[in-house]
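S.K.: predicted coordinates and the sequence they were generated for:
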Amino acid sequence: MCGIWALFGNDSVGDFSLQYESAFKVSHRGPDAFRIENINHFGNCCLAFHRLSIVDDLYGMQPMRINIYPYVWLLYNGEIYNYKTIKSHFGFNFSTECDGESIIHLYMKGGIEFAASMLDGVFAFCLVDTFTKKVYLGRDTFGVKPLFKLMSEEGFMAVCSEAKGRNFTSIYL
């Protein structure tokens, strides 16, 4: 169990104290490490991740970016059962030993629908493509891993692993 948290399109994203306060509402989901990053050139974007280290302790931290696709960012929670098969079948050269990296490679090969159709597992993810300026959210077919979303008419979007973590009223209002 890990915790993913993200904000998009809010002018107050630069206020780090409000971001940390909101992001830490789900800190119990990942006690091993925490990272928060702003992508200021992408619609006031802030991504945070609470990690429970299970696979690839050294290179598996998120938000994940890999060298060959530096404009793609991934927040991910869950397990992709067939990631080794995907890696072998398509000949992907992984930068990490993380199963979630398969989402990035599949997305770059055939788009988000192709990526989602190839995954077998329990997962929730937020993929940000700063080149195309798009954000994609995905979950496994049965919804085993939670992913909550809050959207406003003004273009603000918040994403979190738990409903209590998406209470962004102190940031949004």
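M.R.: That came through fine. Numbers count the residues shown, from 1 in each chain.
S.K.: could you use CA atoms for every contact and neighbour count after this?
M.R.: OK.
S.K.: now residue 114: which helix or strand?
M.R.: Assigned by DSSP states H and E, residue 114 belongs to helix 112-118.
S.K.: buried residues in that helix?
M.R.: 112, 115-116 (16 or more other CA atoms under 10 Å).
S.K.: and the residue nearest the centre of the chain, helix, strand or coil?
M.R.: Central residue of the chain (CA atoms, centre = their mean): residue 75, 1.6 Å from the mean position. Judged by DSSP: H, G, I helix; E, B strand; the rest coil, the three-state class of residue 75 is strand.
S.K.: relative to residue 148, how far out is residue 136?
M.R.: According to CA to CA, to the nearest Å, residue 136 stands 13 Å off from residue 148.
S.K.: same question for residue 106.
M.R.: Residue 106 sits 23 Å away from residue 148, going by CA to CA.
S.K.: any idea of the pLDDT on the nearest residue to residue 67 once chain neighbours are set aside?
M.R.: The shortest distance from residue 67 to any non-neighbouring residue, by CA to CA, 6 or more residues apart in numbering, is to residue 95 (7.9 Å). pLDDT, the model's per-residue confidence, is 93 for residue 95.
S.K.: can you check residue 35 too?
M.R.: The model reports residue 35 with a pLDDT of 72.
S.K.: nearest to residue 157 among the buried residues of helix 112-118?
M.R.: residue 112 (19.1 Å; CA to CA).
S.K.: was I right to think the closest one contacts residue 136?
M.R.: Yes: between residue 112 and residue 136 there is a contact under CA atoms under 8 Å: 7.5 Å.
S.K.: returning to what we had before: pretty sure the residue nearest to residue 67 contacts residue 65?
M.R.: No: counting by CA under 8 Å, residue 95 does not reach residue 65; the two are 9.5 Å apart.
S.K.: higher neighbour count, residue 106 and residue 148?
M.R.: Ranked by neighbour count (other CA atoms under 10 Å), residue 106 and residue 148 place residue 106 first, with 22 against 17.
S.K.: element containing that one?
M.R.: Counting by DSSP H and E, the element that carries residue 106 is helix 101-110.
S.K.: next: residue 71.
M.R.: Using DSSP H and E, residue 71 maps to strand 69-80.
S.K.: from the contact counts, what lies against that strand?
M.R.: strand 3-8, strand 45-51, strand 64-66, strand 121-129 (3 or more CA pairs under 8 Å, 6 or more residues apart in numbering; DSSP states H and E).
S.K.: mind redoing it with 7 Å?
M.R.: Judged by 3 or more CA pairs under 7 Å, 6 or more residues apart in numbering; DSSP states H and E, the packing partners of strand 69-80 are strand 3-8, strand 64-66, strand 121-129.
S.K.: show me which positions of that strand end up buried.
M.R.: Going by neighbour count (16+ other CA under 10 Å), the buried part of strand 69-80 is 72-80.
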